[in-house]
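Peer 1: Here is a sequence with its predicted model. Questions after.
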Amino acid sequence: MQAEKIPATVITGFLGAGKTTLVRNLLATANGKRIALIINEFGDLGVDGDVLAGCGDETCSEDDIVELTNGCICCTVADDFVPTITKLMERKQRPDHIVIETSGLALPQPLVNAFNWPQIREQVTVDGVVTVVDAAAVSEGRFADDHDAVQAQRQADGSLDHESPLEELFEDQITCADMIILNKTDLVAEDRMETVEVAVRDATERRVKLIRAGAGNAPSADVLLGLGVGTEGDMAARKSHHEMHHEDGHEHDHDEFESFVAEGGEVSDIEAVKAALVAVIEKHDVLRLKGFLAVEGKGMRLVVQAVGRRIETYFDRDWGADEKRQSRLVVIGLHDMAQAVIRSEIEAVL
């Protein structure tokens, strides 16, 4: 065993906040540091792992990318995460740094607490937790509470369910952070950014450093790595709603969310497909949509990343000679979404 612990950075954030883009830039600016990347995908299609595996960066080869697709990492720590870390530590050439990208539906607290397990704590430490926030979404009021209005409603109606699972999850990810990246600031007017920062700071009692980022302005590895916090030793002040509910005897589950895959062939009109997907997202209140499209006449695969009305697309790599050219999209929503209807509407345009 090496005397010095290997640092690990946990990158968390809500659905569509931009975690994968942040990790891509981290790898591109690692300056030769050997990075092992653990990705916790939500859904049946390993989109994020496939995108990152296509980076072609020498600091993180495909052998250094481990994808956990068996569900939310906060619920599979013993079965998936601990064995994965153990295998990394058993390698002849151990990584210089471990980066863990959590699912947008994951609670970071159980994951960080896992670094206190005997199998891990002597060899690895949490360098820091980086939470990525979609500043444009917060600016639109999608994940920021109006506490006064909620309190007034509660007084008027004692049976009101005033806390949604999305709000709790947002707060939990903020509460666990050592650094918060306010992403997509290029989509927010400067006079709205102060409101965004206040909303994010109000989501936790802890004081955390905020960094703004946007198109062409992603933080580098020098900024994200080397925080040296040792977060696993400071979890008492970072309790999640789950932990507080559990203390009262409540069970934890992820029944609020579910996902499925929609498939199709090649598409001819990218803009028409994007417009159709926006219509489906709005009609059915889809939380997140991501995947790949096969485009007629194009030798490269088109990546699709959507949250709300915003859909980002880019060609990432050539289709492999042994790959089937088809379009596949993961749809993530609340547990009562009309899967059959949504799948039918999406596959009608693929």
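Peer 2: Everything's here; your move.

Peer 1: What segments of the stretch 151-300 of the chain are helices?
Peer 2: For the stretch 151-300 of the chain, the helices defined by DSSP state H, counting those that start in this stretch cover 165-175, 190-201, 221-224, 241-247, 270-284.

Peer 1: Confidence-wise, which of those is weakest overall?
Peer 2: Per-stretch mean pLDDT for the helices of the stretch 151-300 of the chain is lowest at helix 241-247 (a mean of 63).

Peer 1: Out of the helices of the stretch 151-300 of the chain, which is the most enclosed?
Peer 2: Greatest average neighbour count among the helices of the stretch 151-300 of the chain goes to helix 165-175 (a mean of 21), per mean count of other CB atoms under 10 Å. The C-beta positions use only the backbone N, C-alpha and C, and glycine is treated the same way.

Peer 1: Tell me what angle that helix forms with helix 190-201.
Peer 2: 90 degrees (axes from the mean of the first three to the mean of the last three CA atoms, to 10 degrees).

Peer 1: packing partners for helix 165-175?
Peer 2: Helices and strands touching helix 165-175, by 3 or more CB pairs under 8 Å, 6 or more residues apart in numbering; DSSP states H and E, are helix 108-113, strand 124-134, helix 241-247.

Peer 1: Could you export the ones you listed to TSV, including columns for distance to Ser327?
Peer 2: What follows is the helices and strands packed on helix 165-175, written out as TSV (distance: least, CB to CB, whole Å):
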stretch	distance to Ser327
helix 108-113	32
strand 124-134	25
helix 241-247	36
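
Peer 1: Relative to Lys324, which of the helices of the stretch 151-300 of the chain is closest?
Peer 2: Across the helices of the stretch 151-300 of the chain, Lys324 has its closest neighbour in helix 270-284 (18.7 Å, CB to CB).

Peer 1: what comes into contact with that closest one?
Peer 2: Contacts with helix 270-284, where a contact means CB atoms under 8 Å, 6 or more residues apart in numbering, come from 267, 286, 289, 293, 295, 302, 304, 306, 308-309, 311, 313, 329, 333, 337-338, 341-342, 345-346, 349-350.

Peer 1: ok, now with 10 Å
Peer 2: Contact partners of helix 270-284, identified using CB atoms under 10 Å, 6 or more residues apart in numbering, comprise 262, 264, 267, 269, 286-289, 293, 295-296, 298, 302, 304, 306-313, 327, 329, 331, 333-334, 337-339, 341-346, 348-350.

Peer 1: deepest of the helices and strands packed on helix 165-175, which one?
Peer 2: Highest mean neighbour count of the helices and strands packed on helix 165-175: strand 124-134, a mean of 26 (counted as mean count of other CB under 10 Å).

Peer 1: what angle do that strand and helix 165-175 make?
Peer 2: 130 degrees.

Peer 1: Can you give the distance of strand 124-134 from its chain's centre?
Peer 2: Here the centre of strand 124-134 is set off from its chain's centre by 11 Å, with CA atoms, centre = their mean, to the nearest Å.

Peer 1: Moving C-terminal from it, which element do we reach first?
Peer 2: For strand 124-134, the succeeding helix or strand toward the C-terminus, using DSSP states H and E, is helix 135-139.

Peer 1: buried stuff in that following helix?
Peer 2: Neighbour-count burial for helix 135-139, with 16 or more other CB atoms under 10 Å as criterion, is recorded at 135-139.

Peer 1: Would you reformat these as a markdown table and include pLDDT?
Peer 2: Supplementary listing: the buried residues of helix 135-139 in a markdown table, determined by pLDDT from 0 to 100:
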| residue | pLDDT |
| --- | --- |
| Ala135 | 93 |
| Ala136 | 89 |
| Ala137 | 86 |
| Val138 | 90 |
| Ser139 | 90 |
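
Peer 1: Switch the residues you listed over to CSV; also include distance to Val273.
Peer 2: CSV is the format used below for the buried residues of helix 135-139 (distance: CB to CB, whole Å):
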residue, distance to Val273
Ala135, 27
Ala136, 22
Ala137, 23
Val138, 28
Ser139, 27
